[in-house]
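Colleague: predicted coordinates and the sequence they were generated for:
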Amino acid sequence: MIEAKNINFYYKDFQALKDISLRIDPKSVTAFIGPSGCGKSTFLRLFNRMNDLINGTRLTGQCLINGRDIYEKAVNVDELRKDVGMVFQKPNPFPKTIFENVAYGLKVNAMGRKDFISQQVEKALVAAALWDEVKDKLHKSAYALSGGQQQRLCIARALAVEPSIILMDEPASALDPISTARIEELINELKNDYTILIVTHNMQQAARISSKTGFFMLGELVEYGDTKQIFNSPTKLQTQNYVNGNFG
Amino acid sequence: MNRKHKQIIAFTAFRIVGIIVVALLIWILGFIIYNGAGTLSIDFITTSPTDGMTNGGIFPAIVGTLCLIAGSMIFAFPLGVMSAIYTNEYGKGLIVRIIRIMTNNLGGVPSIVFGLFGMSLFVNTLGFGDSILAGSLTLGLLTLPLVIRTTEEALKAVPDSYRSSSLALGATKLQTIRHIVLPAASPNIITGLILSIGRVSGETAPILFTVAAYFLPKLPTSIFDQVMALPYHLYVLATSGTDIEASRPLAYGTALVLIAIVLLMNIVAAIIRRKFEKNLITN
């Protein structure tokens, strides 16, 4: 269970998020949409504290995962990030082999011995619907894969450490339509086991894959609700204009 | 005159300048090879100078220079790489800016000043005397800014996306640096090492007061011994030997050996670089 309570977030003097509160259902897909610079990615990155890497940011409010505020002093950020995986916009495998890419998270988190790691790598690649394509070239470079395969590899890499939540920051925006469709299929599969938060520019995508949608604009969460309702009968004029493609 | 003509004129000018530079380089190299090749022999690189340095070889100076290269790198390389990791990966704000300004300024200090500083600190205050240790430390200090700068550039060239995806998997910052950033940066760090070795092996001023012996036909047995070194030996042969005319061919031979050593180091480093690049599996 994820809950944001009165989140305000600042880059130096610029307020990127304004008093945002919402609850996210476990084992579901929640999409965040909105025009560029609306704060949706910033909001997503709160949940694995990736925003901590940027200088001069400030946060007020509470960000709860299973009832615990992940911004408490006692929280181990590395442990948190193991539990909250992330897939980035551009496929970004490490300059290592396919196997090593998936095994990396297991190794740095000291999760088991060699044979366990091999098992886990296979499991993650199967879960990311990539196993059949790469099982014969596990020790080849990850960069020998196509863009779409690389992105599924990055998903496998995130799955290998067995997170409970996966954050996806426009995971298909750099991919061709066929690869995008495969990623969407994959997300549909994964939601049975994981809580998925996805930021997307593509409104049809949000409509296809998510059960709930949040519409952000100028740092505010304008509207949040069931995806069907957001797209079919939005209550706010701004949402209506956006989902109908009148701007953005 | 239209844009196209301007472009042709500009590129022609660039090309001519480029050719002149390369030609000068080839000329210098050719001059040294022409004058020095006759002196080269197995004996020349395996024996000590004799007859008031008008005859014999330069073996002790070769050994001395190799010692100084190794000594200065043992000192400067880890220190430089670590401080570059600090400034690029960990540090932020004012401290890093101060460190950067300091290293840049340090890089601009004339090498003779390093020589005097080394003499004052290592030779006298710390009591190392004229020794390989004092000379290596002085040369190490001299090249430290170069190592730091090239390592920083190498680290900067590693895409941030590698760092964020490693951190996002729960790796600590140290693990990220150790397993992702350094391997990706290592080929360029090695290039920095090559540059530093080139610089160190050719310097005369810093070793003048800290290690270099005018004439010392025996090999060092400890790091507290003095040694001869190629650049200083060359300087001696060319300006203050016992018989400058007689030792002139030896001077060219020494110069040739010095260049050959730097070239050899570059080749070795290039091989190491290639090996590191192979470890990075990018295609």
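Modeller: Received, thanks. Just so we're clear, the structure is a prediction, and the values are computed from it rather than from any experiment.

Colleague: let me see the residues that make contact with stretch B:44-54.
Modeller: B:55-60, B:62, B:215, B:217-218, B:236-237, B:241-243, B:246-247, B:250, B:253, B:257 (Cβ atoms under 8 Å, 6 or more residues apart in numbering or on different chains). Every residue, glycine included, has its C-beta placed from N, CA and C.

Colleague: and that stretch, which residues are buried?
Modeller: B:44, B:47-49, B:53-54 (16 or more other Cβ atoms under 10 Å in any protein chain shown).

Colleague: now do it, average pLDDT.
Modeller: For stretch B:44-54, mean pLDDT is 78.

Colleague: gap between the two ends of that stretch?
Modeller: 12 Å (Cα to Cα, to the nearest Å).

Colleague: now residue A:46: closest residue in space, sequence neighbours ignored.
Modeller: Nearest-residue entry for residue A:46: residue A:63, 5.4 Å, with adjacent residues in sequence omitted and distances by Cβ to Cβ, 6 or more residues apart in numbering or on different chains.

Colleague: so who does that neighbour touch?
Modeller: A:3-5, A:7, A:46-47, A:69-71.

Colleague: could you redo the last one with a cut-off of 6 Å?
Modeller: A:4, A:46, A:70-71 (Cβ atoms under 6 Å, 6 or more residues apart in numbering or on different chains).

Colleague: residue in chain B with the shortest distance to chain A?
Modeller: residue B:170 (3.2 Å; Cβ to the nearest Cβ).

Colleague: is it true that that residue touches residue A:76?
Modeller: No - contact criterion Cβ atoms under 6 Å: residue B:170 and residue A:76 do not qualify, at 9.4 Å.

Colleague: among the two, which residue is more densely surrounded?
Modeller: Remark: of residue B:170 and residue A:76, residue B:170 carries more neighbours, 25 against 10, as counted by other Cβ atoms under 10 Å in any protein chain shown.

Colleague: what sits against the more buried one?
Modeller: The contact partners of residue B:170, by Cβ under 6 Å, 6+ apart, come to A:78, A:81-82, A:109.

Colleague: can you check residue A:19 too?
Modeller: When contacts are counted by Cβ under 6 Å, 6+ apart, residue A:19 touches A:6, A:8.

Colleague: hang on, the earlier thing: filter the contacts of stretch B:44-54 down to the buried ones.
Modeller: Of those, these count as buried by 16+ other Cβ under 10 Å: B:56-60, B:62, B:236-237, B:241, B:247, B:250, B:253, B:257.

Colleague: output the contacts of residue A:63 as CSV; include the columns neighbour count.
Modeller: Output for the contacts of residue A:63, formatted as CSV (neighbours: other Cβ atoms under 10 Å in any protein chain shown):
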residue, neighbour count
A:4, 20
A:46, 21
A:70, 19
A:71, 18
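
Colleague: mind putting those in TSV, secondary structure and pLDDT included?
Modeller: Below are these laid out as TSV (DSSP: H, G, I helix; E, B strand; the rest coil; pLDDT from 0 to 100):
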residue	secondary structure	pLDDT
A:4	strand	93
A:46	helix	94
A:70	coil	94
A:71	coil	94
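
Colleague: torsion angles phi and psi at the residue of chain A found nearest chain B?
Modeller: Residue nearest to chain B within chain A: residue A:82 (3.2 Å; Cβ to the nearest Cβ). Main-chain dihedrals, residue A:82, degrees, to the nearest 10: phi -70, psi -40.

Colleague: what parts of chain A come near chain B?
Modeller: Within chain A, the positions lying close to chain B (Cβ under 6 Å from any Cβ of the partner chain) are A:78, A:81-82, A:86, A:92, A:94-97, A:105, A:108-109, A:141, A:143.

Colleague: quick one: which of the residues you listed is most hemmed in?
Modeller: residue A:105 (28 neighbours).

Colleague: mind giving me the packing neighbours of the helix or strand encompassing that one?
Modeller: Under the criterion of DSSP states H and E, residue A:105 resides in helix A:98-108. On a contact count with 3 or more Cβ pairs under 6 Å, 6 or more residues apart in numbering or on different chains; DSSP states H and E, helix A:98-108 meets helix A:114-127, helix A:147-160.

Colleague: ranking the ones you listed by burial, who's on top?
Modeller: helix A:147-160 (a mean of 25; mean count of other Cβ atoms under 10 Å in any protein chain shown).

Colleague: what angle separates that one from helix A:114-127?
Modeller: 130 degrees (axes from the mean of the first three to the mean of the last three Cα atoms, to 10 degrees).

Colleague: which stretches of the chain form strands?
Modeller: Assuming you mean chain A. Assigned by DSSP state E, chain A shows strands spanning A:2-11, A:14-24, A:29-33, A:57-65, A:68-69, A:84-87, A:165-169, A:195-199, A:212-217, A:220-226.

Colleague: meant chain B actually
Modeller: Counting by DSSP E, the strands of chain B are B:49-50, B:55-56.

Colleague: tell me which strands the last one pairs with, and in which orientation.
Modeller: Put plainly, it is strand B:55-56. strand B:49-50 (antiparallel) (DSSP bridges).

Colleague: now the strand it pairs with, how far from the centre of its chain.
Modeller: 28 Å (Cα atoms, centre = their mean, to the nearest Å).

Colleague: so what pLDDT did residue A:248 get?
Modeller: 60.

Colleague: send the alpha carbons of the helix holding residue A:105 over as PDB?
Modeller: The C-alpha trace of helix A:98-108 is given here as PDB (Å, rounded to 0.1, in the frame of the first residue of the first chain):
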ATOM      1  CA  ILE A  98      23.100  -9.900 -20.500                       C
ATOM      2  CA  PHE A  99      23.600 -12.300 -17.600                       C
ATOM      3  CA  GLU A 100      25.700  -9.800 -15.700                       C
ATOM      4  CA  ASN A 101      23.100  -7.100 -16.100                       C
ATOM      5  CA  VAL A 102      20.400  -9.100 -14.500                       C
ATOM      6  CA  ALA A 103      22.700 -10.600 -11.900                       C
ATOM      7  CA  TYR A 104      24.100  -7.200 -10.800                       C
ATOM      8  CA  GLY A 105      21.300  -6.300  -8.400                       C
ATOM      9  CA  LEU A 106      21.600  -9.700  -6.800                       C
ATOM     10  CA  LYS A 107      25.300  -9.400  -6.400                       C
ATOM     11  CA  VAL A 108      25.400  -5.900  -4.900                       C
END
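
Colleague: just the mean pLDDT for it, thanks.
Modeller: 94.

Colleague: repeat for stretch A:221-234
Modeller: pLDDT averaged over stretch A:221-234 gives 93.

Colleague: residue boundaries of the helices in the stretch 101-250 of chain B?
Modeller: Secondary structure of the stretch 101-250 of chain B by DSSP state H, counting those that start in this stretch: the helices cover B:111-118, B:132-156, B:160-168, B:173-176, B:182-202, B:205-208, B:230-239, B:244-279.

Colleague: returning to what we had before: who's the residue nearest to residue A:46 bridged to?
Modeller: Using DSSP bridges, the bridge partners assigned to residue A:63 are residue A:4.
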